[in-house]
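>>> Structure for the following, please:
(one chain, ligands or ions: 1)
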Amino acid sequence: MYDAIVIGARCAGAPTAMLLARAGHRVLMVDRASFPSDKPMSTHLLHPPAILRLREWGLLDSVVATGCPPIRDYGFVEGPLDFMAPLPPIEDVGVAYAPRRHILDHILVEAAVAAGVTLREGVSVRELLRDGNVVTGIRAQDRNGVSFTEHARVVIGADGTNSLVARITRAPQYRARPPLTRGLWTYWSDLPTPNLPSFRANGRYVFAWPTNDDLTLVGIAWRANEYPDDEPEQAYFTALHDTAPAFAERVREAGRAQAWMRGSIPNFFRRPFGPGWALVGDSSYSKDPCTAQGITDAFRDAESLVGALHQGLAGERPMAAALADHERRRNAHAIPYYEYTCDFATLDTYPPEVLELLALATQSGPTASNLVGLFGQTVSPADFFSGTGMRSLLDSLPEPDRLGWRLRLARWLLLDLGRYSQSSSRLAERLIARKLGEMGQFLVPA
Ligand SMILES: Cc1cc2nc3c(=O)[nH]c(=O)nc-3n(C[C@H](O)[C@H](O)[C@H](O)COP(=O)(O)OP(=O)(O)OC[C@H]3O[C@@H](n4cnc5c(N)ncnc54)[C@H](O)[C@@H]3O)c2cc1C
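Numbering: from 1, shown residues only. Have a look, this model is predicted:
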């Protein structure tokens, strides 16, 4: 009898198992894969909060030692917006890395085993065992086709988006949306890009970052329903030329080091617990890969879930209450990033006025850093888009532009209100515009 069985041994499962074992619990971790094993459907960028956790867990040095280069600046190019900025730090960590998954996942699995976790590889879980409605264990099959059962006080599904645990327990889903983008990417040699911006134009999104073995990952995302039928090389270079022509020339001269990869993922939250079971990582919260949040989220989720499970297993609190707090904590953090990601994933061009404002604002170092921090999970969208966030964005503008932009912002707010009550907002606009005289032109809709 184990305290916990973890199904899935990658970014969510291995840290969950490791942290439970470090807290003194008896843990079995199973995966149908054998490690080292690649997870091809991933572009493997880790934002600063993930790097902070690797450091806290004592694993960062192992990742750095694999030769994966640090990434200190992110940036964006879209219309007049064209900037790079240093990542704002979380604590003192303002760096990202993009280690290949066969490397990262292996480091995580080895750390779990070193913490005392029993690992069984090549094992497929087929069923959950139950006593009434309480999950009590697993029925699984090993690589020789031999079936076996194991029991535990809690069974944790770290088994990805199509989670068996979620399906069997019918974990309720919420805020669900279908896949929004679909990506195509590969790896290039002789393409040094320590710091390269992402490009958005014409409903395409181009991203690039360095990884292990002196290779650079370069990918393109389309809206899921616009993914081209052409063969990959043609689709890739056509979109690359449309979106980032100068960079496309550099990629053409580089050497393709690997096969073409494609992928997309649905968007949802799931209730992450029930009697005798819990979910962690993609099985519990999945989102479009365009903002590369998945692994960073899986690490945070593992840490928060283990905090709650430990309280329950150690008898410090009723398990259900501890896990309900975990779900609230997860959602308070994740929902603003989820909405930001779903918005980013529409790949709709921002209105010209918004791009103009952002282009002006990025002339100020701190605002530019805040913008890349949104992507890098060190600045919450809830803070960035708050009244205080907008005020500090306006304050960062060059002095002569401030008043005009304040008025335009007021107009946007009114127009946005207009979505809900058009006539009253138009009336309000007209009244304010009249009082403002000439400056009121900013408030009159085009
Ligand atoms: C195209 C694409 C690009 C992405 N790019 C990034 C990125 O740049 N940065 C980022 O942070 N995230 C990215 N992600 C998301 C990231 O890959 C996931 O968030 C992350 O892999 C989630 O980890 P996980 O451990 O929850 O699940 P997974 O990595 O899916 O691992 C689940 C494990 O469970 C095992 N398993 C499943 N069912 C069973 C079973 N019945 N029995 C035994 N074993 C089982 C599987 O073998 C697997 O090893 C991307 C995703 C996609 C689709």
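>>> Report the central residue of the chain.
Gln293 (1.1 Å; C-alpha atoms, centre = their mean).
>>> Would you agree Ala12 is in contact with Ser163?
No. Using C-beta atoms under 8 Å, Ala12 is not in contact with Ser163, being 10.4 Å away. Glycine gets a C-beta too; all of them are placed from N, C-alpha and C.
>>> Neighbour count: these two, which is higher?
Taking neighbours as other C-beta atoms under 10 Å, Ala12 and Ser163 compare with Ala12 leading, 31 against 23.
>>> which ones are touching that one?
Residues in contact with Ala12 (C-beta atoms under 8 Å, 6 or more residues apart in numbering) are Ala158, Val280, Gly281, Asp282, Ser283, Ala298, Asp301, Ala302.
>>> switch to 7 Å and redo it
With contacts defined as C-beta atoms under 7 Å, 6 or more residues apart in numbering, Ala12 is in contact with Ala158, Val280, Gly281, Asp282, Ala298, Asp301, Ala302.
>>> Phe83 too?
The contact partners of Phe83, by C-beta under 7 Å, 6+ apart, come to Gly75, Phe76, Thr362, Ala368.
>>> Which secondary structure state is assigned to it?
Put simply, Phe83 is strand when judged by DSSP: H, G, I helix; E, B strand; the rest coil.
>>> which non-adjacent residue is nearest it?
Distance criterion C-beta to C-beta, 6 or more residues apart in numbering; nearest residue to Phe83, sequence neighbours excluded, is Thr362 at 4.2 Å.
>>> Over to Arg153?
Asp3 (5.3 Å).
>>> Can you give me the neighbour number for the one you found?
Using other C-beta under 10 Å, Asp3 is surrounded by 19 other residues.
>>> which helices and strands sit right next to the strand ranked longest in the chain?
Of all segments of type strand in the chain, defined using DSSP state E, the longest is strand 147-157. In terms of contacts (3 or more C-beta pairs under 7 Å, 6 or more residues apart in numbering; DSSP states H and E), strand 147-157 is packed against strand 2-7, strand 124-131, strand 134-141, helix 164-169, strand 277-279.
>>> Now for this structure, the helix or strand with the poorest mean pLDDT.
Every helix and strand of the chain was ranked by mean pLDDT, DSSP states H and E. The lowest is helix 422-436, at a mean of 49.
>>> quick one on the thing from earlier: and the longest strand of the chain, is it in reach of the ligand?
No. Strand 147-157 is not in contact with the ligand by C-beta under 6 Å from any ligand atom; minimum separation 8.0 Å.
>>> and that strand, which residues are buried?
Of the residues in strand 147-157, those buried by neighbour count under the rule 16 or more other C-beta atoms under 10 Å are Glu150, Ala152, Arg153, Val154, Val155, Ile156, Gly157.
>>> now swap in stretch 297-308 and tell me
Under the neighbour-count criterion of 16+ other C-beta under 10 Å, stretch 297-308 has Asp297, Ala298, Phe299, Arg300, Asp301, Ala302, Glu303, Ser304, Leu305, Val306, Ala308 buried.
>>> surely the residue nearest to Phe83 meets Ala368?
Yes. Counting by C-beta atoms under 7 Å, Thr362 does reach Ala368; the two are 4.1 Å apart.
>>> Show me the contact partners of stretch 57-64.
Stretch 57-64 has contacts (C-beta under 7 Å, 6+ apart) with Pro15, Ile51, Leu54, Tyr97, Pro99, Leu104, Ile107, Ala111.
>>> hmm, back to that, mean confidence for the longest strand of the chain?
On average, the pLDDT along strand 147-157 is 98.
>>> strand partners of that strand, parallel vs antiparallel please.
Strand 147-157 has the following strand partners under DSSP bridges: strand 2-7 (parallel), strand 134-141 (antiparallel), strand 277-279 (parallel).
>>> want to throw the ones you listed into JSON lines with distance to Met390?
Below are the strands paired with strand 147-157 laid out as JSON lines (distance: least, C-beta to C-beta, whole Å):
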{"stretch": "strand 2-7", "distance to Met390": "43"}
{"stretch": "strand 134-141", "distance to Met390": "46"}
{"stretch": "strand 277-279", "distance to Met390": "36"}
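>>> any idea which of those strands is most buried?
Highest mean neighbour count among the strands paired with strand 147-157 (mean count of other C-beta atoms under 10 Å): strand 277-279, with a mean of 27.
>>> contact partners of it?
Strand 277-279 is contacted from outside by 135, 154-157, 163, 165-166, 169, 171, 270, 272, 305, 309, 323, using C-beta under 7 Å, 6+ apart.
>>> Check the residues you listed against the ligand and report the nearest one.
Set against the ligand, the nearest of the contacts of strand 277-279 by C-beta to the nearest ligand atom is Ser163 (6.9 Å).
>>> Just confirm that closest one contacts Ser283, I think it does.
Yes. Using C-beta under 7 Å, Ser163 is in contact with Ser283, at 3.5 Å.
>>> Overlap of the contact sets of these two?
Common neighbours of Ser163 and Ser283, using C-beta under 7 Å, 6+ apart, are Gly157.
>>> Which parts of the stretch 1-150 of the chain are helices?
Assigned by DSSP state H, counting those that start in this stretch, the stretch 1-150 of the chain shows helices spanning 13-22, 48-56, 60-64, 101-114.
>>> Including distance to Leu240, mean pLDDT and mean neighbour count, could those go into JSON lines?
Shown next, in JSON lines, are these (distance: least, C-beta to C-beta, whole Å; pLDDT from 0 to 100; neighbours: other C-beta atoms under 10 Å):
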{"stretch": "helix 13-22", "distance to Leu240": "35", "mean pLDDT": "98", "mean neighbour count": "28"}
{"stretch": "helix 48-56", "distance to Leu240": "28", "mean pLDDT": "98", "mean neighbour count": "22"}
{"stretch": "helix 60-64", "distance to Leu240": "29", "mean pLDDT": "98", "mean neighbour count": "17"}
{"stretch": "helix 101-114", "distance to Leu240": "24", "mean pLDDT": "98", "mean neighbour count": "21"}
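>>> Save these as CSV, and put in distance to Arg143 too.
CSV is the format used below for those (distance: least, C-beta to C-beta, whole Å):
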stretch, distance to Arg143
helix 13-22, 18
helix 48-56, 30
helix 60-64, 27
helix 101-114, 17
